[in-house]
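> can't give you the sequence, but here's the structure:
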Ligand SMILES: Nc1nc2c(ncn2[C@@H]2O[C@H](COP(=O)(O)OP(=O)(O)OP(=O)(O)O)[C@@H](O)[C@H]2O)c(=O)[nH]1
Ligand SMILES: [Mg+2]
């Protein structure tokens, strides 16, 4: 056993072993504030930082299409029974009707960002059976499936609903009707019916949900053109930026606040390359996220040789995806004007594409004001008139 006097020494502790003395260095413990209570310490501790998710991890949680089987709740059964009371021999039928089955409803919710939380099947709640004394069964509760705003609902190839407004709802599957109790079958020629009917099964459907991002403007461009850098420069959105192609793997929407309190939603989508319609690169399925955009921003890297060919290639890919998509009102954003070779290529680009070019730098924020003014102009021309109605 270690003698108690040895435990009181400072950083050096001497352990006495029979016939031998050993010196052991003790690392000084950090100074302890004896007066600080646990609550005080917790108050002064920094809150745990929210870990930034990488684009790859974000992509894992992002799902933009889903097949889902929805089934409405079954209606409750009707009941066959007769009123029973002392001294009342023929009380008559009093079996109540069953409750209706619950519907399954899709609801557009702004808090939901992708279809990843949507399950592959849903069953509505069943109605309860009727009771004695003419009591109807309780109806099944509505079952809500929360989907992102901009979800398109298809049955086969037919579009059955477009949930593009927050809070909009669509009844995906109707609940079954409740059965009738024997009271329902009471008639002049049949004063004691025993018939009752079972509840109906709910509607069953297979629906395809497709998310199409809702934004006013859509940015398209080759990988590394600087789309995400530009979105970061003009809005609060924080898509990942890196010098390798295909950094962005899922669409991001940023809100640009203009001086006249107008808010313009701009969508940044993954890069498109030549041959994307043949599934090169990330393919062209991401173009579905700009399908609803009223106007487009073709972002080109001005430091690349012959930058106007990028616009031609992008238009070709858009046209391959959907005829007429490249005809949307658009603006060409020539990015990276801060680089010397880019500035030299600008007159040539203007000669090819004319007035629609806005040259700027997302990194140095040079000429961002012109882009904001042009965005406001496009918004005023193509979005605002519809809002007035
Ligand atoms: N010099 C300069 N570099 C820029 C500018 N804008 C973007 N970059 C750089 O270009 C590279 C690509 O930028 P991103 O914003 O990730 O490009 P992207 O178009 O979103 O690329 P993907 O997501 O892969 O399609 C990054 O290294 C940026 O720092 C600019 O105005 N000037
Ligand atoms: Mg990007």
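Cool, the structure landed. Keep in mind that this is a model prediction, so the values were computed, not measured. Numbering: from 1, shown residues only. Ligands and ions are numbered 1, 2, ... in the order given.
> and the spatially most central residue of the chain, what is it in contact with?
In the chain, the centroid-proximal residue (Cα atoms, centre = their mean) is residue 113; its distance is 1.4 Å. Going by Cβ atoms under 8 Å, 6 or more residues apart in numbering, residue 113 touches 62, 148. Any C-beta I mention is one placed from the backbone N, CA and C, and that applies to glycine too.
> Please determine how far it is located from ligand 2.
Distance, residue 113 to ligand 2, using Cβ to the ion, to the nearest Å: 17 Å.
> cool, and residue 354?
Distance, residue 354 to ligand 2, by Cβ to the ion: 27 Å.
> before we move on, what about residue 155?
Distance from residue 155 to ligand 2, by Cβ to the ion: 34 Å.
> on that earlier part again, check which helix or strand the residue nearest to the centre of the chain maps to.
Taking DSSP states H and E as the definition, one finds residue 113 inside no helix or strand.
> Over to residue 373?
helix 368-382.
> Then residue 122?
strand 121-123.
> next structured bit after that strand?
Assigned by DSSP H and E, the successor of strand 121-123 is strand 143-148.
> mind listing what that next one pairs with, with the direction of each?
strand 104-109 (parallel) (DSSP bridges).
> Residues in contact with the strand it pairs with: which ones?
70-72, 122-124, 142-151, 153, 161, 163-173, 202, 209.
> for the stretch 201-350 of the chain, what spans make up the helices?
227-234, 308-321, 340-353 (DSSP state H, counting those that start in this stretch).
> Would the last one count as contacting ligand 1?
So that's helix 340-353. No - taking Cβ under 6 Å from any ligand atom as the criterion, helix 340-353 and ligand 1 are apart, separated by no less than 7.9 Å.
> Run the contact check for the helix or strand just after that helix versus ligand 1.
Later in the chain than helix 340-353, the nearest helix or strand by DSSP H and E is strand 357-359. No - no part of strand 357-359 sits near ligand 1 under the criterion Cβ under 6 Å from any ligand atom; the closest distance found is 10.2 Å.
> Sheet-wise, list the partners of strand 357-359 with their directions.
In the sheet, strand 357-359 lines up with strand 330-335 (parallel) (DSSP bridges).
> which outside residues touch the partner strand?
Here strand 330-335 has contacts from 219, 225-226, 229-230, 295-302, 307, 311, 342, 346, 349, 353, 356-362, 371, 374-375, 378, using Cβ under 8 Å, 6+ apart.
> Only the buried subset of the residues you listed, as a PyMOL command please.
Only the buried members of these end up in this PyMOL selection, burial being decided by 16 or more other Cβ atoms under 10 Å:
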select buried, resi 219+225+226+229+230+295+296+297+298+299+300+301+302+307+311+342+349+353+357+358+359+360+361+362+371+374+375+378
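> Could you list the domains of the chain?
Following the TED database, the chain resolves into domains at 62-211, 215-384.
> Spell out which residues of the stretch 251-389 of the chain are next to ligand 1.
So the stretch 251-389 of the chain meets ligand 1 at 270, 271, 335, 336, 338, 339, 361, 362, 363 (Cβ under 6 Å from any ligand atom).
> I'd say the last one and residue 339 touch.
This points to residue 363. No - with contact defined as Cβ atoms under 8 Å, residue 363 does not count as touching residue 339 (9.4 Å).
> Good, we can wrap up now.
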